[in-house]
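1. Could you look at this predicted model? Sequence included:
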Amino acid sequence: MTEIVALAPRLARRVAAARRAVVLTGAGVSEESGLGTFRGPGGLWEEFRPEELATPEAFARRPRRVRDWYAARHRTMAAAAPNAAHRALARWPALFPSFLLVTQNIDQLHQRAGSPEVVELHGTLMAARCGSCGARRPMAELILAGGTIEDERPPRCSCGGLWRPDVVWFGEELPGEAIDRAQRAAASCDLFVSAGTSATVFPAAGLIALARQAGAVIIEVNPEATAFSDLADLRLPGAAGTHLPALTAAIEACRSPG
Ligand code: OAD
């Protein structure tokens, strides 16, 4: 059955008048593409401990284990296909004079669904980065090259540094330009959607409060309530693959000239 999102008249008027929209996505948006989320039942952080896999210390201590874990995740992500939620969000740039899609996901499914520009707060697993000189190359190329990341020998850059996934680990700074852009956009938007994120990891989660302070309409898409649900003008308590296409259709309807 196709979901329909009905916007209450006052909300519909505010959404129709919105000029600057921001969407923040998290692992829940890729859940229907078969990628696991981090928290909650069956989440990755239930099976694995983040401090053993997603920190610079873990990589220094057990590079092989960290590389193998990310290589396995890379395989799963590369084999996954974008879902209806990613495809719906690819239509948003046409809906607003200014639109920014901000994601905590490292799977690049938004880009593969056709979103022309995505701010990746936590980096990407589709690229590898040299931990010394900062050079980047496609992760697939590194995996296919001799001295694969699943090899015993740690793959090294020509400068001698170790290749690592181009993701943000716990205890590391977010890419400065990405978080600056996201914060500036959230602090000046009039519509903010938080979709598929538990909103527990900062500074990403702080974007929701920034948008609220800016007076934006806040919409949350998540089957579960989060610490920020109380800030939402509208909560769509269900799957992103159902609710984001329905929300997109509702916004298209209320913004169309007819
Ligand atoms: P989480 O795993 O913390 O949260 C996923 C959220 O998605 C939960 O609130 C679920 O209720 C919701 N969810 C599950 N299925 C869904 C569906 N089909 N549609 C919509 N929502 C659904 O993931 P994030 O919030 O993305 O960081 O986690 C934030 C960061 O914590 C990640 O980027 C990662 C992780 O540790 C790093 O690794 C640095």
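-> Cool, got the structure. Numbering: from 1, shown residues only.
2. switch to C-alpha atoms for all contacts and neighbour counts from now on
-> Will do.
3. quick one, strands of the protein?
-> For the chain, the strands defined by DSSP state E occupy 20-25, 98-103, 119-120, 123-130, 136-138, 163-167, 191-195, 217-221, 234-236.
4. so can I have a markdown table of these showing mean neighbour count?
-> Formatted as a markdown table, the strands of the chain follow (neighbours: other CA atoms under 10 Å):
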| stretch | mean neighbour count |
| --- | --- |
| strand 20-25 | 25 |
| strand 98-103 | 22 |
| strand 119-120 | 21 |
| strand 123-130 | 22 |
| strand 136-138 | 16 |
| strand 163-167 | 25 |
| strand 191-195 | 26 |
| strand 217-221 | 25 |
| strand 234-236 | 19 |
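5. in this protein, what spans have low per-residue confidence?
-> Within the chain, the segments meeting pLDDT under 70 span 1, 143-153, 257-258.
6. if you set the cut-off to 50 instead, what comes out?
-> 146-148 (pLDDT under 50).
7. tell me the domain boundaries of it?
-> Here the domain parsing of the chain from automatic domain parsing is 1-35+82-122+174-258, 39-79+125-167.
8. May I have stretch 175-185 exported as CSV, CA atoms only?
-> What follows is stretch 175-185, C-alpha atoms only, in CSV (Å, rounded to 0.1, in the frame of the first residue of the first chain):
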residue,chain,number,x,y,z
PRO,A,175,36.1,17.1,8.0
GLY,A,176,36.1,20.8,8.8
GLU,A,177,34.5,22.0,5.6
ALA,A,178,31.7,19.4,5.8
ILE,A,179,30.6,20.2,9.3
ASP,A,180,31.0,24.0,8.8
ARG,A,181,28.8,23.8,5.7
ALA,A,182,26.2,21.6,7.5
GLN,A,183,26.1,23.8,10.5
ARG,A,184,25.8,27.0,8.5
ALA,A,185,23.0,25.5,6.4
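9. Buried residues of that stretch, list them for me.
-> 178-179, 182-183, 185 (16 or more other CA atoms under 10 Å).
10. So which of these are in helices?
-> For those, the ones inside helices are 178-179, 182-183, 185, with DSSP state H as the criterion.
11. any chance of these in CSV, plus distance to the ligand?
-> Output for these, formatted as CSV (distance: CA to the nearest ligand atom, whole Å):
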residue, distance to the ligand
Ala178, 14
Ile179, 13
Ala182, 15
Gln183, 16
Ala185, 19
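12. Next one: Ala209 from the ligand, what distance?
-> Separation of Ala209 from the ligand (CA to the nearest ligand atom, to the nearest Å): 15 Å.
13. cool, Trp69 as well?
-> 12 Å.
14. and that residue, what does it touch?
-> Neighbour list for Trp69: Leu53 [criterion: CA atoms under 8 Å, 6 or more residues apart in numbering].
15. quick one, what contacts Cys130?
-> With contact set as CA under 8 Å, 6+ apart, Cys130 has these partners: 136, 156-157, 161-164.
16. One more pass at 6 Å, please.
-> By CA atoms under 6 Å, 6 or more residues apart in numbering, Cys130 lies in contact with 161-163.
17. hey, what's it bridged with?
-> Under the criterion DSSP bridges, Cys130 forms beta bridges with Trp163.
18. interface residues of the stretch 1-150 of the chain facing the ligand?
-> Proximity of the stretch 1-150 of the chain to the ligand (CA under 6 Å from any ligand atom) is limited to residues 26-29, 31-32, 37-39, 104-105, 122.
19. Relative to His243, which of those residues is nearest.
-> The nearest member of these to His243, counting by CA to CA, is Val29 at 10.5 Å.
20. ok, how many other residues are close to the nearest residue to that closest one once chain neighbours are set aside?
-> Distances taken as CA to CA, 6 or more residues apart in numbering put Gly196 closest to Val29, at 4.9 Å, once the chain neighbours are dropped. Residues lying near Gly196 (other CA atoms under 10 Å) number 25.
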